[in-house]
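1. When you get a sec, could you give me coordinates for this:
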Amino acid sequence: MHRHSIDEFKNSCLAAGFDEVIEREWPAHTELASHTHPFSVHALVTRGEMWLTIAGKTQHLLAGAVFSLDRDVPHQERYGPVGASYWAARKA
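-> Sure thing, here's the model as predicted:
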């Protein structure tokens with residue numbers, strides 16, 4: 001699945017200048033319409049699958065995949081049949 005513990009991920013991200021690390025859980029088949037966040041994100045998918053669409057390009061992300069997103073970038077999210085979990089480092 002993933003090769004790091006949440007503590008290792010958190011320590012690495014905090015050392016890289018991120019403000020916090022949280023764990024997000026999404027139910028099966030959740031879809032989020034285009035939206036933005038007032039923070040940058042660096043995340044590691046830990047369970048399930050998701051599709052992240054940015055500027056018309058979709059990434060299919062499985063457990064172990066890493067993704068990053070700059071603040072205020074419009075994007076869409078869709079989660080698979082078992083939902084998904086990921087660790088998300090945020091930076092204002």
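2. what sits against the closest residue to residue 17 other than its chain neighbours?
-> In this structure, residue 17 finds its nearest non-sequential neighbour in residue 91, 6.2 Å apart by C-beta to C-beta, 6 or more residues apart in numbering. Glycine gets a C-beta too; all of them are placed from N, C-alpha and C. With contact taken as C-beta atoms under 8 Å, 6 or more residues apart in numbering, residue 91 is in contact with 17, 18, 19, 39, 40, 41, 42, 71.
3. and those residues, which are buried?
-> Buried residues within the contacts of residue 91, defined by neighbour count using 16 or more other C-beta atoms under 10 Å: 18, 39, 40, 41, 42.
4. the longest strand in the chain is where?
-> The single longest strand within the chain, with elements called by DSSP state E, is strand 75-91.
5. So residue 14: helix, strand or coil?
-> helix (DSSP: H, G, I helix; E, B strand; the rest coil).
6. What is the burial count for it?
-> 13 (other C-beta atoms under 10 Å).
7. That one is in contact with residue 42, isn't it?
-> No: counting by C-beta atoms under 8 Å, residue 14 does not reach residue 42; the two are 11.2 Å apart.
8. The longest strand of the chain: which residues count as buried?
-> Residues of strand 75-91 classed as buried: 75, 77-80, 83-90 (neighbour count, 16+ other C-beta under 10 Å).
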